[in-house]
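Visitor: sharing a model prediction with you, sequence too.
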Amino acid sequence: MKILYTGGTFDLFHPGHVNFLRQCKLLADEVIVSLNTDEFVFKYKGNTPVMTYQERESMLVSCRYVDKVIPNSAGQDSKPAIMAVHPDILAIGDDWAKKDYYAQMQFTQEWLDKNDILLVYIPYMRGISSTIIKERLKNVPPIYNISGILQSFFPMNHKGVLVEVGAAHPLNISVSYGFRHIDIQRKIWESYFAHDTIFKRPVGDWEIISIEPNPDFCREFEKNKIPVLQYACTNKDIGETTFKVSPAPMCGSALGIRINGYEESEYKTINIEALTLNTILQRHYPQINNIDILVIDAEGWSMEVLEGLDFNKYKPELVLLEAHGIIPSGDYTAYMTTLGYDYIKDISPNMLFKRKK
């Protein structure tokens, strides 16, 4: 029985990996994959794989061209790991043909000959690789990465409070969606789509306060049995007033039209209670004394929302605000600086601020 040994990280398992392993299986009766551990990758590459060792192992075990997966946590000298398997064939990708694979693995051709091991270069599938996939992901619209960016500031066991002003739809362009329990994410998704998708567990356990004035969006929250507070937020307690609902399904609705791509006659006017964020929180969540993340998407009214919150009391750790051109971004930065915040990064069209320690 011929045994083939190959090794690698196999991160973001893709068709190129499958093709490589299929060709390995054509050469041997048993294909054994020495899978680099997370610690090994970090030690020699300076970063960890996107997928954990357990996730990558699970993918390989499920591949019909793989007979066995073993962990590779050894040093750069691969000879002990190879000899533990006693393979007849050692397979590598042909991208190594122009590199010094012998130096990388710390063996010689004489050592291979002495142990009757045949080194085989297998053609890699062109146009697909883990690196290429990572580059593609850089082009994903930032809105889909926002929840992950915000969660990265908190530990895994964090119990936090997220306040989202201008929550919009519970799924589409929703920052809070990625903070919800994975079962709730799945329930929301399935209420709109027949096909499945990948659901990501949030970092931490979050109490989410969603505030949204648009009645159409509020109905979607109610349809999914998700709490929502129907208010407009501003810098003083106005009480009942008029609110303009944009003909665009996802943008432009506000107390007054500041982002205008339509004629004013095309907007629907409704009555809404307009209050400061302070008043809304005190009315519905009097037990909350601090906010971890404040997200503001107010269609040109972000400054008014900021002015309506007592930052000395609630001390949000992160503030993500939509910064349209009505108010220059420098004005937001200057205002947040006076409140004790540093500008962290642009997540267009949003600005991210972090409270100074």
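Guide: Thanks, I have it.
Visitor: mind giving me the packing neighbours of the longest helix along the chain?
Guide: In the chain, ranked by residue count with DSSP state H as the criterion, the top helix is helix 15-27. When contacts are defined as 3 or more CB pairs under 8 Å, 6 or more residues apart in numbering; DSSP states H and E, helix 15-27 sits against strand 3-8, strand 30-36, strand 89-93, strand 118-122. Quick note: C-beta positions are derived from backbone N, CA and C, even for glycine.
Visitor: tell me the buried residues in it?
Guide: Gly16, His17, Val18, Asn19, Phe20, Leu21, Gln23, Cys24, Lys25 (16 or more other CB atoms under 10 Å).
Visitor: so what pLDDT did the third one get?
Guide: Confidence per residue is given as pLDDT, and for Val18 that number is 91.
Visitor: OK, contacts around the closest residue to it other than its chain neighbours?
Guide: Leaving aside its chain neighbours, Val18 sits nearest to Cys63 (6.6 Å; criterion: CB to CB, 6 or more residues apart in numbering). Cys63 is in contact with His17, Val18, Leu21, counting by CB atoms under 8 Å, 6 or more residues apart in numbering.
Visitor: reformat those as a markdown table; add distance to Ile211.
Guide: Shown next, in a markdown table, are the contacts of Cys63 (distance: CB to CB, whole Å):
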| residue | distance to Ile211 |
| --- | --- |
| His17 | 45 |
| Val18 | 47 |
| Leu21 | 51 |
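Visitor: which one of the residues you listed sits closest to Thr241?
Guide: His17 (58.6 Å; CB to CB).
Visitor: for the nearest residue to the closest one once chain neighbours are set aside, list the residues it contacts.
Guide: Closest residue to His17 apart from its sequence neighbours, by CB to CB, 6+ apart: Phe10 at 5.6 Å. By CB under 8 Å, 6+ apart, the contact set of Phe10 is His17, Val33, Leu35, Arg56, Met59, Leu60.
Visitor: quick one, phi/psi of Phe10?
Guide: When read as degrees, to the nearest 10, the backbone of Phe10 gives phi 50, psi 50.
Visitor: swap in Asn214?
Guide: The phi/psi pair for Asn214 (degrees, to the nearest 10) is phi -70, psi 120.
Visitor: how about Asp95?
Guide: Residue torsions, per degrees, to the nearest 10, at Asp95 are phi -70, psi -10.
Visitor: give me the pLDDT for the residue nearest to Val18.
Guide: pLDDT at Cys63 comes out at 92.
Visitor: start at 33 instead
Guide: Let's use 33 as the start, then, which means that last one is Cys95.
Visitor: please name the nearest non-neighbouring residue to Thr38.
Guide: Closest to Thr38 by CB to CB, 6+ apart is Ala123, at 4.4 Å.
Visitor: quick check: bridge partners of the one you found?
Guide: Beta-bridge partners for Ala123, by DSSP bridges, are Val152.
Visitor: from the buried residues of helix 47-59, which is closest to Gln319?
Guide: Using CB to CB, the buried residues of helix 47-59 come closest to Gln319 at His49, 50.5 Å.
Visitor: who's in contact with Val235?
Guide: Gln183, Ser184, Phe186, Pro187, Met188, His190.
Visitor: which of the buried residues of helix 47-59 sits closest to Leu350?
Guide: Among these, and counting by CB to CB, the member closest to Leu350 is His49, at 37.1 Å.
Visitor: out of the contacts of Cys95, flag the one nearest to Lys166.
Guide: For these, the nearest to Lys166 is His49 (14.5 Å; CB to CB).
Visitor: kind regards, and thank you for your time.
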